[in-house]
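Chemist: sharing a sequence plus its predicted fold:
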Amino acid sequence: MSGVPARVAQSLRLAEAPRWAPGAIILLALLAAAFEAAGLYLFIPLVQSLGGGGQAAPMTPEWLHRPSGPGWTALLVAGLCLSILAKNVLGFAGGYLARYVDGIVAHRLRVRVLGQTLSSCIDYRPGVRMTDVVTTLANNTWKVSQALSLTWRLAICVITGAVFLGLLASISLRLTGLAVAMIAVTALVVHLTTRRAEALGGQVVEENKQFGLRMWESAGALQLIRSFGRESFELERFRSVSDRMRRRILALDLLWAVPGPVAEVLGALLIGGLILAGVAFGVALPALAAFLVALYRLQGPVREFLACKVALEGLGAALDDVDVFLSQTQTPLLKAGHQPVPPLLQGLEFRDVCFRYAPDEPLALQHVSFRIPAGKTTAIVGASGAGKSTLMSLIFRFRDPEHGQVLADGAPLTDFDVAAWRARLSLMAQEAQLFNATVAENIGYGDLAADAEAIRRAAEIAGAAEFIAALPNGYDTNLGDRGLRLSGGQRQRIALARTILRDPDVLLLDEPTNALDPETERAFQLALGRFSQGRTVVVIAHRLSTVRNADQVVVLDAGRVAEVGAPRELLARPGRFAQLYGLTLDDAREVA
Ligand code: ADP
């Protein structure tokens with residue numbers, strides 16, 4: 001999409017400004033322009049009353065041009081001052097209103113972009129970079145409100161321009177024709193010199209995204225960068241994208257600055273030409289003076305119109321970015337059912353499930369069928385890439401199968417409201433994800449309505465109360481980025497307390513003890529074991545000890561179910577499971 005009318009339409013559509021806004025802003029601008037024009041118009045009788053003489057301009061009422069002494073002059077001066085006052089009050093009110101609306105628009109758009117990011121699982125689409133989402137959210141939503149502000153200014157320029165053109169035409173049609181022709185030439189020159197604005201704007205958006213990516217990756221991998229001694233390499237990469245962005249923005253700024261001087265120089269030529277033409281056409285002095293004042297005043301809107309046009313073209317790519325993002329994420333990827341979620345009595349079932357991440361990718365899960373009995377622990381094992389995490393994300397409904405169904409007590413998960421279903425689950429991953437917030441806030445994330453007492457109880461059950469008490473501010477201690485202040489084991493205990501507070505039916509574990517030392521692991525397992533008793537647990541198991549504690553084992557091999565059975569049974573069999581753990585038959589019998 002291109003062209004100013006199309007961009008104006010696009011920014012109005014994206015901005016979803018309050019209905020009253022365009023009418024109110026344009027009405028105020030129209031009134032302000034009318035008062036200003038009226039003020040300028042009073043110049044003609046004023047100059048006449050001062051003895052300028054000459055003929056009245058055509059199409060103006062006779063009574064305004066009757067020269068009648070100092071009282072009349074004073075009245076005209078008062079009228080002129082009042083109209084300038086009214087113009088400024090109305091202009092200020094209009095400007096304030098436009099800024100108020102732009103602020104609301106940017107705020108609503110930011111909330112909408114984040115809302116759609118959360119609801120659409122866009123992060124699960126291959127090829128989507130989260131830094132791009134951040135750039136859209138942090139930069140480009142502002143640019144929509146900027147575009148809207150340019151749209152108001154364009155409208156105001158058109159209105160003011162039309163009012164002043166009317167005024168000019170009422171003074172001299174011939175001179176007005178000449179002025180319009182010169183303005184058209186100015187617009188053409190500006191258009192030809194700023195043709196690249198739209199393409200340059202696109203490059204700025206792209207550079208911005210590269211810049212966001214470098215910023216995010218450098219800040220997120222500080223330890224890695226230092227440990228590999230790549231400080232100067234990273235600095236150079238960052239310097240290069242930052243510099244490229246600087247140059248593009250400078251080029252765009254340069255284009256934005258072109259219309260002003262071009263319009264002013266051509267405007268000066270125009271005024272010179274009109275004085276000569278006015279004399280040649282025999283236009284009376286007061287009318288010619290008023291004409292030139294009005295024309296001089298018209299230059300402002302013309303210059304601003306041309307500058308806004310270039311600026312709006314420069315923002316085009318940012319508008320397209322927000323537009324594409326909103327349409328990509330508008331309908332959530334998941335079908336949402338509305339059935340209430342009953343307590344899980346029998347269990348979950350995968351029935352002939354196939355899944356792939358993108359149409360051109362191979363199947364990550366192929367005709368997977370098995371049951372997960374309620375109240376029991378099911379261990380999922382398999383080599384890396386076998387499909388274990390994919391299976392978990394289908395239970396969570398981060399994605400839906402392309403074929404087959406996942407069922408809870410016989411009902412497809414797609415029948416349930418997604419949020420209500422997820423409220424029954426809780427995930428503990430290998431790395432506990434913590435927020436840069438206090439201990440209490442991190443645990444309380446499991447149940448936002450929980451009081452301090454409930455948070456303390458959960459921490460006690462998770463075996464975290466002791467080390468929390470030793471922190472400088474106890475439950476009010478800030479944990480730092482990703483819980484930096486705590487050890488791996490302590491982080492997992494905070495995560496367990498959060499899960500305990502959530503009180504899920506189904507506990508999904510991605511071997512949360514993997515990174516812990518044996519002693520910490522034992523203590524953690526004890527707390528976890530107590531909590532998970534009687535709950536449905538699905539655990540991605542890497543260690544044999546985890547598998548042996550399970551009631552059932554599902555062995556995945558390259559996206560297919562290779563074996564299902566009790567751990568003892570599988571260990572005693574020379575199948576994929578025994579092979580996975582490198583066990584000989586004798587070893588296996590021993591372990592079992
Ligand atoms: P596991 O958890 O057993 O290591 P995964 O479930 O992560 O295995 O991966 C199963 C297959 O799906 C692998 O081939 C992997 O490359 C692919 N895969 C995983 N996540 C994505 C993704 N977001 N986009 C595309 N392919 C993916």
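Modeler: Perfect, I can see it now. Numbering: from 1, shown residues only.
Chemist: and the helix or strand hosting residue 199, C-alpha only, in CSV?
Modeler: Following DSSP states H and E, one finds residue 199 within helix 197-220. Output of helix 197-220 as CSV, limited to C-alpha atoms (Å, rounded to 0.1, in the frame of the first residue of the first chain):
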residue,chain,number,x,y,z
ALA,A,197,11.0,8.5,1.9
GLU,A,198,8.9,5.4,1.9
ALA,A,199,11.7,3.1,0.9
LEU,A,200,14.0,4.7,3.5
GLY,A,201,11.3,4.4,6.2
GLY,A,202,11.2,0.6,5.4
GLN,A,203,15.0,0.4,5.8
VAL,A,204,14.8,2.2,9.2
VAL,A,205,12.2,-0.4,10.4
GLU,A,206,14.4,-3.3,9.3
GLU,A,207,17.5,-1.8,10.9
ASN,A,208,15.5,-1.2,14.0
LYS,A,209,14.7,-4.9,14.2
GLN,A,210,18.4,-5.9,13.7
PHE,A,211,19.3,-3.4,16.4
GLY,A,212,16.7,-4.9,18.7
LEU,A,213,18.0,-8.4,18.1
ARG,A,214,21.6,-7.4,18.8
MET,A,215,20.6,-5.5,22.0
TRP,A,216,18.5,-8.5,23.3
GLU,A,217,21.1,-11.1,22.5
SER,A,218,24.1,-9.2,23.9
ALA,A,219,22.2,-8.3,27.1
GLY,A,220,21.0,-11.9,27.5
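Chemist: quick one: list the elements packing against that helix.
Modeler: helix 130-135, helix 231-257, helix 285-314, helix 316-328 (3 or more Cβ pairs under 8 Å, 6 or more residues apart in numbering; DSSP states H and E). For every residue, glycine as well, the C-beta is placed using N, CA and C.
Chemist: just name the most buried of those helices.
Modeler: helix 285-314 (a mean of 22; mean count of other Cβ atoms under 10 Å).
Chemist: any idea how far that helix is from the chain center?
Modeler: In terms of Cα atoms, centre = their mean, to the nearest Å, the centre of helix 285-314 is set 37 Å apart from its chain centre.
Chemist: what angle sits between it and helix 231-257?
Modeler: Put simply, helix 285-314 runs at 150 degrees to helix 231-257, going by axes from the mean of the first three to the mean of the last three Cα atoms, to 10 degrees.
Chemist: quick one: mean pLDDT over helix 285-314.
Modeler: Summarised as a single mean, pLDDT over helix 285-314 is 85.
Chemist: packing partners for it?
Modeler: Secondary-structure packing of helix 285-314 (3+ Cβ pairs under 8 Å, 6+ apart): helix 4-15, helix 20-41, helix 43-47, helix 141-171, helix 173-193, helix 197-220, helix 231-257, helix 259-281.
Chemist: please repeat the previous calculation with a cut-off of 6 Å.
Modeler: Applying 3 or more Cβ pairs under 6 Å, 6 or more residues apart in numbering; DSSP states H and E, we find helix 285-314 packed against helix 43-47, helix 141-171, helix 173-193, helix 197-220, helix 231-257, helix 259-281.
Chemist: thinking again about what came up before, pull the distance from the helix or strand just after the helix holding residue 199 to the chain's centre.
Modeler: Counting by DSSP H and E, the next helix or strand C-terminal to helix 197-220 is helix 222-227. Chain-centre distance of helix 222-227: 29 Å, with Cα atoms, centre = their mean.
Chemist: cool, stretch 410-430 as well?
Modeler: 27 Å.
Chemist: within range of the ligand, give me the residues from the protein.
Modeler: 124, 126, 357, 361, 364, 382, 384-390 (Cβ under 6 Å from any ligand atom).
Chemist: where is pLDDT lowest across the residues you listed?
Modeler: Across the residues of the chain next to the ligand, the smallest pLDDT goes to residue 126, namely 56.
Chemist: quick one: the residue sitting nearest the centre point of the chain from residue 118, how far?
Modeler: Central residue of the chain (Cα atoms, centre = their mean): residue 137, 2.3 Å from the mean position. Between residue 137 and residue 118 the computed distance is 11 Å (Cβ to Cβ, to the nearest Å).
Chemist: before we move on, what about residue 370?
Modeler: Taking Cβ to Cβ, one finds residue 370 at 31 Å from residue 118.
Chemist: just residue 413 next, same as before
Modeler: For residue 413, the distance to residue 118 equals 19 Å [Cβ to Cβ].
Chemist: residue 382: what's it in contact with?
Modeler: 388, 556 (Cβ atoms under 6 Å, 6 or more residues apart in numbering).
Chemist: partner residues bridging it?
Modeler: residue 556 (DSSP bridges).
Chemist: quick one: the strands in the stretch 301-450 of the chain?
Modeler: 347-355, 365-373, 377-382, 403-408, 411-412, 425-428 (DSSP state E, counting those that start in this stretch).
Chemist: would JSON lines of the helices and strands packed on helix 285-314 with mean pLDDT be doable?
Modeler: Shown next, in JSON lines, are the helices and strands packed on helix 285-314 (pLDDT from 0 to 100):
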{"stretch": "helix 43-47", "mean pLDDT": "76"}
{"stretch": "helix 141-171", "mean pLDDT": "88"}
{"stretch": "helix 173-193", "mean pLDDT": "88"}
{"stretch": "helix 197-220", "mean pLDDT": "86"}
{"stretch": "helix 231-257", "mean pLDDT": "90"}
{"stretch": "helix 259-281", "mean pLDDT": "85"}
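Chemist: for residue 431, find the nearest of those.
Modeler: Minimum separation from residue 431 across the helices and strands packed on helix 285-314 (Cβ to Cβ) falls at helix 197-220, 13.3 Å.
Chemist: next, the buried residues of that closest one.
Modeler: Using 16 or more other Cβ atoms under 10 Å as the test for burial, helix 197-220 gives 197-198, 200-215, 218.
Chemist: same deal with stretch 137-151?
Modeler: Using 16+ other Cβ under 10 Å as the test for burial, stretch 137-151 gives 137, 139-151.
Chemist: same thing with stretch 497-509?
Modeler: For stretch 497-509, using 16+ other Cβ under 10 Å, the buried residues are 497-502, 504-509.
Chemist: just put those in JSON lines and tack on pLDDT and secondary structure.
Modeler: As requested, these are arranged in JSON lines below (pLDDT from 0 to 100; DSSP: H, G, I helix; E, B strand; the rest coil):
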{"residue": "497", "pLDDT": "92", "secondary structure": "helix"}
{"residue": "498", "pLDDT": "93", "secondary structure": "helix"}
{"residue": "499", "pLDDT": "91", "secondary structure": "helix"}
{"residue": "500", "pLDDT": "90", "secondary structure": "helix"}
{"residue": "501", "pLDDT": "91", "secondary structure": "helix"}
{"residue": "502", "pLDDT": "90", "secondary structure": "helix"}
{"residue": "504", "pLDDT": "90", "secondary structure": "coil"}
{"residue": "505", "pLDDT": "90", "secondary structure": "coil"}
{"residue": "506", "pLDDT": "92", "secondary structure": "strand"}
{"residue": "507", "pLDDT": "90", "secondary structure": "strand"}
{"residue": "508", "pLDDT": "90", "secondary structure": "strand"}
{"residue": "509", "pLDDT": "88", "secondary structure": "strand"}
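Chemist: so between residue 413 and residue 118, which is more surrounded?
Modeler: Comparing residue 413 with residue 118 by other Cβ atoms under 10 Å, the one with more neighbours is residue 413, at 22 against 12.
Chemist: give me the three-state assignment for the nearest residue to residue 72 once chain neighbours are set aside.
Modeler: Using Cβ to Cβ, 6 or more residues apart in numbering and skipping the chain neighbours, the partner closest in space to residue 72 is residue 49 (5.5 Å). Applying DSSP: H, G, I helix; E, B strand; the rest coil to residue 49 yields a three-state assignment of helix.
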